[in-house]
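*Asks:* The following block contains a protein sequence and its predicted model.
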Amino acid sequence: MTSVRSIDTIQTRGYMRRINLQTDLAQLADLIELVFATTMDSSGRAALREMRAMSRFGAGLRMLSHFNDVTAGVHLGFVWMIGDRLVGNVSIYPANYPDSLGKTWIVANVGVHPEYQGRGIARELMQASLSLIAQRGGKRAVLQVDADNTVAIHLYESLKFVQERTWIQWKRLAGRSQVATSPNTYDMFGNLIGHIPSYDMPVQSEVYIRHPRRSEWRDEWLLAQELRANGGLGWLHPLHITQFKHPIWRVWFEWLNFRSTERLVIRSDDDTTLLASAWIETSLTNTNKLILLISPDDHARCANALLQTITRRFGNASLSLEHPADDTPTNTWLTHYRFIPKRTVINMTWETH
């Protein structure tokens, strides 16, 4: 028989259970919008609209959840209920990491309604999520947290999450005007596009940018190991050799998903060393995502040449990237080329024991 105290606890503090997409999706969208309103971008808002639309599918939602990215990312999570009101959530779902790294899970949407924060709800939701990840054979869990969210960082660290690296999320709006240029930089087609003097290093020699040869993936891999040993290539891009090879199946996969990745490289004048590499992923969203790898050797010249080439060629679409916050020289050039810092986040990792 349930005691009066137990009933009172359920009614006032609530209880935790697994998410039920058929009943929870609309309330979950409302909670995510409320908790993350200040950091949500256009893709996040689009995902919320999709969640609300799918909440009307009723019994068919369970079947659709396995084929839809939005619902697949929340259907394994936990929610906190007070009566019929959903006031807390943690979403978990498998990451698409190479098998050799071990099964990795993503932790997302860790949120509690402001009226119920400070009651230990987030901790209990996180503990249940990590237990489920371990039960399902997970090797690690990864998450992102805003760098100024000290309360959340303290919670994650108390649960044995470790900070990997701090990143700045940059965006450049479509049609941003170019800065003034002067001669002596060439793009991959041999066109003279100019150079911009560095803040403290005058750029005087020519730079040649081209597409990499198939055999140069190993040089890119070595450059990435030098620059990104801590934290990989960015959120959900671990530093793994498969990111650098170009198997034909990946080309077909990108084509089927209306995506393509173009790579640009700069080598030293004697052609012995790879100095810089840039990856530009394009898609139907008209937002191009960048990854920049620029060696400290001759950094100003390479950063200027790459960014000027990319902003000229893709200036009619938005450009975005996530770049290490501690790479001050590259971040200075991003500012120079009209990229705007939108958010600073910390990537954190939890390993099963």
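*Replies:* Noted; the coordinates are in hand.

*Asks:* Now do the helices in the stretch 1-150 of the chain.
*Replies:* Secondary structure of the stretch 1-150 of the chain by DSSP state H, counting those that start in this stretch: the helices cover 4-12, 21-35, 42-54, 61-64, 69-72, 121-135, 150-158.

*Asks:* Could you pull up the mean pLDDT of the fourth one?
*Replies:* Looking back up the chat, that one is helix 61-64. On average, the pLDDT along helix 61-64 is 53.

*Asks:* just stretch 113-127 next, same as before
*Replies:* Average pLDDT, stretch 113-127: 96.

*Asks:* Can you measure across it, start residue to end residue?
*Replies:* 18 Å (Cα to Cα, to the nearest Å).

*Asks:* thinking again about what came up before, present the helices of the stretch 1-150 of the chain as a markdown table; the columns should include distance to residue 164 and mean neighbour count.
*Replies:* In this view, the C-beta of every residue, glycine as well, is placed from N, C-alpha and C. Converted to a markdown table, the helices of the stretch 1-150 of the chain look like this (distance: least, Cβ to Cβ, whole Å; neighbours: other Cβ atoms under 10 Å):
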| stretch | distance to residue 164 | mean neighbour count |
| --- | --- | --- |
| helix 4-12 | 38 | 10 |
| helix 21-35 | 24 | 18 |
| helix 42-54 | 22 | 15 |
| helix 61-64 | 34 | 14 |
| helix 69-72 | 24 | 16 |
| helix 121-135 | 17 | 18 |
| helix 150-158 | 12 | 14 |
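
*Asks:* Can you say which of these is nearest to residue 115?
*Replies:* With Cβ to Cβ, the closest approach to residue 115 among the helices of the stretch 1-150 of the chain belongs to helix 21-35: 10.2 Å.

*Asks:* hang on, the earlier thing: let me have the helices of the stretch 1-150 of the chain in a markdown table, extended by distance to residue 259.
*Replies:* Shown next, in a markdown table, are the helices of the stretch 1-150 of the chain (distance: least, Cβ to Cβ, whole Å):
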| stretch | distance to residue 259 |
| --- | --- |
| helix 4-12 | 47 |
| helix 21-35 | 26 |
| helix 42-54 | 14 |
| helix 61-64 | 23 |
| helix 69-72 | 14 |
| helix 121-135 | 29 |
| helix 150-158 | 32 |
